[in-house]
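just a sequence and a predicted model for now, questions to come.
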Amino acid sequence: MKMTGFQILVIVTLSISQTTSLFAAHPTPQKKTEPPNIVLIYVDDIGFGDIGCYGATRVKTPNIDFLARNGLRFTDAHSPSATCTPSRYAMLTGEYAWRRRGTGIARGNAPLIIRPGRQTMASLLKQAGYATGVVGKWHLGLGQANMNWNGAIKPGPLELGFDYCFLIPATGDRVPCVFVENHRVVNLDPDDPIRVSYGKKIGHDPTGKENPERLKMHPSHGHNQTIVNGISRIGYMTGGKKARWVDEDIADTLTQKATAFIDKHKSERFFLYFSSHDNHVPRVPHPRFVGKTPMGPRGDAIAQLDWCVGELMKSLRRNGLRENTLVIFTSDNGPVVDDGYQDAAVEKLGDHKPSGPWRGGKYSKFEGGTRIPFIVSWPGHVEHGTSKALLGQVDLSAAFAALTGATFTEKGSPDSKNLLPALLGNSRKGRDHLVEHARGIALRKGSWKFIPSSRGAKINKATNIELGNDRNNQLYNLDDDPGERNNLAEKKTGKVKELSQLLNRIRNRSQTETGRK
């Protein structure tokens with residue numbers, strides 16, 4: 001069939017409960033084509049076992065599952081970190097976040113973490129002629145220190161290669177609870193200026209700690225400062241009453257902005273980074289999704305996420321773009337059940353396993369911290385089936401550059417490897433090794449997982465997640481022991497030495513090699 005219009009690339013990453021590798025018996029014919037447009041769907045706190053095509057049964061995800069059936073599911077794909085800010089930093093820059101100070105979980109009023117002018121995924125694609133946009137959760141800081149939220153908010157995404165942005169500045173549980181479009185707070189009344197503090201209380205707005213009777217959702221730990229929409233948050237905020245979001249409407253608002261971007265740029269090559277907030281706390285889905293699953297707000301938020309994916313796909317089809325689209329769906333880190341609010345997520349979990357067969361979850365150095373869903377779909381160009389290739393989101397910048405012909409510099413994105421053949425299913429070979437990160441680093445090489453000795457708590461008491469800390473080295477063969485229960489470090493001292501030395505070489509690479517200044 002003759003292909004018309006601009007090509008589109010959309011990548012979807014999901015959590016998978018199966019670990020077998022199955023490629024299509026008859027490879028999909030590869031067509032010579034212009035570089036595709038790209039839609040990257042980056043979801044929040046979705047674990048390997050949270051999606052139907054990865055084994056979930058207590059929540060239905062038909063739109064995501066359809067992408068998987070008509071694309072390639074990866075069972076050994078990883079977010080760069082077990083938490084959101086460092087994952088987003090590494091994915092967009094192609095540099096492991098643990099190489100840089102200041103890339104931990106960002107406050108809601110943090111300044112921009114990525115240095116303007118450096119190579120990013122967006123700047124690469126902009127250089128290749130793409131219209132570039134980001135819609136959704138940002139959480140990489142905005143502006144300068146002590147920023148005034150009532151004026152021009154910059155630097156931000158527009159200084160990193162994006163032509164358009166519509167953002168949640170940080171997360172739903174952190175103030176300021178407003179949207180930022182390009183350089184301005186949306187719907188801000190100049191007579192009601194915004195002030196934000198992550199130190200002492202400011203203004204006279206009620207807080208969850210002082211006024212629990214005003215809450216419609218109570219915190220389980222922390223999250224007891226300024227109340228917005230009946231939910232207390234992290235941090236203090238005053239002013240901006242007309243600009244404050246309504247949590248129940250966030251998914252609709254973000255989806256409308258994303259589809260509008262597709263509609264606007266349907267006749268040119270574009271890159272859309274759609275960063276959903278669904279499943280991150282506070283989980284407050286729209287009323288039409290409440291009760292859709294037996295798992296309460298956490299399950300209902302996943303159902304809402306699936307709807308968002310479906311709406312994006314409808315937009316592509318409506319504009320005649322789906323057949324020419326490569327889709328990527330993935331998550332920023334592993335799952336967490338109770339992350340600060342009393343939403344019955346633990347009580348209603350049932351036999352649902354958010355991390356699938358893996359140990360740990362968000363915040364953890366075990367596999368559940370970074371092994372996430374990852375789905376790639378591009379009709380006529382991507383193999384159908386399942387791939388066991390080891391890859392990381394940090395590799396997307398190099399792959400996109402190879403796909404689009406953008407000029408890529410290893411110094412600019414020092415940890416990003418061109419795994420385009422594996423991404424499209426033309427090769428079963430992924431990375432030789434990959435660093436996993438969660439307040440410390442671990443190493444994957446083939447089926448081997450090495451976690452160096454470390455101090456610190458073994459369990460995050462607030463979330464009840466195993467963190468992977470141990471005063472002894474840990475070594476696991478994931479082919480035989482996917483649950484990381486049989487520590488082989490004392491029996492396989494040679495393998496420990498090999499992996500320890502490799503990890504040290506990666507960690508101690510010179511500033512010139514990593515492009516640091």
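Received, thanks.

and the nearest residue to residue 477 once chain neighbours are set aside, how far from residue 498?
Closest residue in space to residue 477, ignoring its immediate chain neighbours: residue 447 at 5.5 Å, by Cβ to Cβ, 6 or more residues apart in numbering. All C-beta atoms are positioned from the backbone trio N, CA, C, and that covers glycine. Distance of residue 447 to residue 498, given as Cβ to Cβ, to the nearest Å: 14 Å.

again, but for residue 238
56 Å.

which one of these two has more residues nearby?
residue 238 (19 against 14; other Cβ atoms under 10 Å).

need phi/psi at the more buried one.
Main-chain torsions, residue 238, degrees, to the nearest 10: phi -140, psi 150.

same check on residue 241?
Torsion angles, degrees, to the nearest 10, at residue 241: phi -60, psi -40.

same question, the one 3 residues further on
Residue 244 adopts backbone torsions of phi -70, psi 140, taken as degrees, to the nearest 10.

what about it, how many neighbours?
Other residues near residue 244 come to 19 when the count uses other Cβ under 10 Å.

could you check how far the residue nearest to residue 230 when sequence neighbours are not counted is from residue 317?
In this structure, residue 230 finds its nearest non-sequential neighbour in residue 216, 3.6 Å apart by Cβ to Cβ, 6+ apart. Computed as Cβ to Cβ, the residue 216 to residue 317 distance reads 37 Å.

same check, this time on residue 403
Distance of residue 403 to residue 317, given as Cβ to Cβ: 22 Å.

those two: which has the busier surroundings?
residue 403 (21 against 12).

contacts only, for the residue lying closest to residue 350 once chain neighbours are set aside.
Excluding its sequence neighbours, the residue lying closest to residue 350 (Cβ to Cβ, 6+ apart) is residue 58, at 5.8 Å. If you count contacts by Cβ atoms under 8 Å, 6 or more residues apart in numbering, residue 58 has them with 293-295, 299, 350-352.

repeat for residue 111
With contact taken as Cβ under 8 Å, 6+ apart, residue 111 is in contact with 141-145, 147.

what about 7 Å?
Shown in contact with residue 111 (Cβ atoms under 7 Å, 6 or more residues apart in numbering): 141, 143-145, 147.

relative to residue 507, which of these is nearest.
Nearest to residue 507 among those: residue 141, at 24.8 Å, using Cβ to Cβ.

which residue packs closest to the closest one, ignoring adjacent ones?
residue 110 (3.9 Å).

and what of residue 152?
Closest residue in space to residue 152, ignoring its immediate chain neighbours: residue 183 at 4.6 Å, by Cβ to Cβ, 6+ apart.

what pLDDT does the one you found get?
Listed pLDDT for residue 183 reads 97.

also residue 34?
For residue 34, pLDDT reads 84.

also residue 14?
Per-residue confidence (pLDDT) for residue 14: 41.

residues contacting stretch 76-87, please?
Outside stretch 76-87, the residues that touch it by Cβ under 7 Å, 6+ apart are 13, 44, 90-91, 96-97, 103-106, 139-140, 330-334, 362-364, 369-372, 374, 388-394, 434, 436-438.

that one spans what distance, first to last residue?
Distance across stretch 76-87, first residue to last, is 16 Å (Cα to Cα, to the nearest Å).

stretch 334-346 too?
16 Å.

that stretch: which residues count as buried?
334-341, 343, 345 (16 or more other Cβ atoms under 10 Å).

output those in CSV; the columns should cover distance to residue 158.
Listed next are these as CSV, based on distance: Cβ to Cβ, whole Å:
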residue, distance to residue 158
334, 31
335, 32
336, 31
337, 36
338, 36
339, 31
340, 31
341, 33
343, 35
345, 36
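
how much space separates residue 43 from residue 373?
Distance of residue 43 to residue 373, given as Cβ to Cβ: 8 Å.

same check, this time on residue 312
For residue 312 relative to residue 373 (Cβ to Cβ), the value is 16 Å.

sorry, back to before: hey, what's in contact with both of residue 43 and residue 373?
Residues touching both residue 43 and residue 373 (Cβ under 7 Å, 6+ apart) are residue 331.

show me where pLDDT drops low in the chain?
Scanning the chain for pLDDT under 70 picks out 1-33, 510-517.

all helices for it, in order.
Secondary structure of the chain, counting by DSSP state H: helices at 62-69, 84-93, 121-127, 250-264, 296-318, 396-404, 420-423, 493-507, 511-514.

what sits against the most centrally placed residue in the chain?
Taking Cα atoms, centre = their mean, the centroid of the chain lies closest to residue 332, which sits 2.3 Å from it. Going by Cβ under 7 Å, 6+ apart, residue 332 touches 42, 44, 79, 84, 87-88.

ok, residues contacting stretch 279-291?
Residues outside stretch 279-291 that contact it (Cβ under 7 Å, 6+ apart) are 43-46, 171-173, 217, 231, 247-249, 251-252, 297-298, 300-305, 339-341, 343.

which among those residues count as buried?
Buried members of the contacts of stretch 279-291, scored by 16+ other Cβ under 10 Å, are 43-46, 171-173, 217, 231, 247-248, 251-252, 297-298, 300-305, 339-341, 343.

still on that earlier bit, more neighbours: residue 312 and residue 373, which one.
Between residue 312 and residue 373, counted using other Cβ under 10 Å, residue 373 has the larger neighbour count: 30 against 25.

wait, isn't the more buried one in contact with residue 331?
Yes: the pair residue 373 / residue 331 is scored as a contact, 5.8 Å apart, by Cβ atoms under 7 Å.

could you chop this structure up by domain?
7-24+36-187+246-423, 195-238, 433-514 (automatic domain parsing).

mean neighbour count, these: which tops it?
Highest mean neighbour count among those (mean count of other Cβ atoms under 10 Å): domain 7-24+36-187+246-423, with a mean of 23.

to the chain's geometric centre, what's the distance from that one?
The chain centre lies 4 Å from the centre of domain 7-24+36-187+246-423; the measure is Cα atoms, centre = their mean, to the nearest Å.

mind listing which of the contacts of stretch 76-87 are in strands?
Of these, the ones assigned to strands by DSSP state E are 330-331, 374, 391-392, 434, 436-437.

about what we covered before: looking at the contacts of residue 58, which is nearest residue 156?
Each of the contacts of residue 58 was scored against residue 156 by Cβ to Cβ, and residue 299 proved nearest at 33.5 Å.
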